[in-house]
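In: take a look and give me a structure for this.
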Amino acid sequence: MGIADKAENAAEKLTGQAKETTGDATGDDELKAEGKKDQTKGSLKNAGENVKDAFK
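Out: Numbers count the residues shown, from 1 in each chain. As a prediction, the model looks like this:
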């Protein structure tokens, strides 16, 4: 469960980076903001997984 969740979180961060880059290149501020949000969500979820791992 932990490894799969971490991989999913990393994929979410990468997707967010791609959206942010695309939004920046095309001038789409909404897409850029969505990409930043996705990166933040992935980072926060990953931090939660790290906390759970610390208490195992």
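
In: buried residues in the strand or helix carrying residue 5, which are they?
Out: Assigned by DSSP states H and E, residue 5 belongs to helix 2-26. For helix 2-26, the neighbour count (16 or more other Cβ atoms under 10 Å) marks 6, 9, 12, 13, 16, 19, 20, 23 as buried. Quick note: C-beta positions are derived from backbone N, CA and C, even for glycine.

In: just name the lowest-scoring one in these, pLDDT-wise.
Out: Among those, residue 6 carries the weakest pLDDT, at 87.

In: how many neighbours does the nearest residue to it once chain neighbours are set aside have?
Out: Leaving aside its chain neighbours, residue 6 sits nearest to residue 49 (5.5 Å; criterion: Cβ to Cβ, 6 or more residues apart in numbering). Other residues lying near residue 49 total 17 when counted by other Cβ atoms under 10 Å.

In: give the contact list for residue 49.
Out: 2, 5, 6, 9 (Cβ atoms under 8 Å, 6 or more residues apart in numbering).

In: ok, residue 28 next?
Out: Neighbours of residue 28 in contact, by Cβ under 8 Å, 6+ apart: residue 22.

In: and the helix holding residue 5, how far out from the chain middle?
Out: Here helix 2-26 is found 5 Å from its chain centre; the criterion is Cα atoms, centre = their mean, to the nearest Å.

In: so which elements touch that helix?
Out: helix 29-54 (3 or more Cβ pairs under 8 Å, 6 or more residues apart in numbering; DSSP states H and E).

In: for residue 5, give its distance to residue 21.
Out: 25 Å (Cβ to Cβ, to the nearest Å).

In: about what we covered before: now the contacts of residue 49 in JSON lines, with distance to residue 35?
Out: Below are the contacts of residue 49 laid out as JSON lines (distance: Cβ to Cβ, whole Å):
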{"residue": "2", "distance to residue 35": "26"}
{"residue": "5", "distance to residue 35": "21"}
{"residue": "6", "distance to residue 35": "20"}
{"residue": "9", "distance to residue 35": "15"}
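
In: and the two most separated of those?
Out: Among those, the pair separated by the greatest distance (Cβ to Cβ) is 2 and 9, at 10.6 Å.
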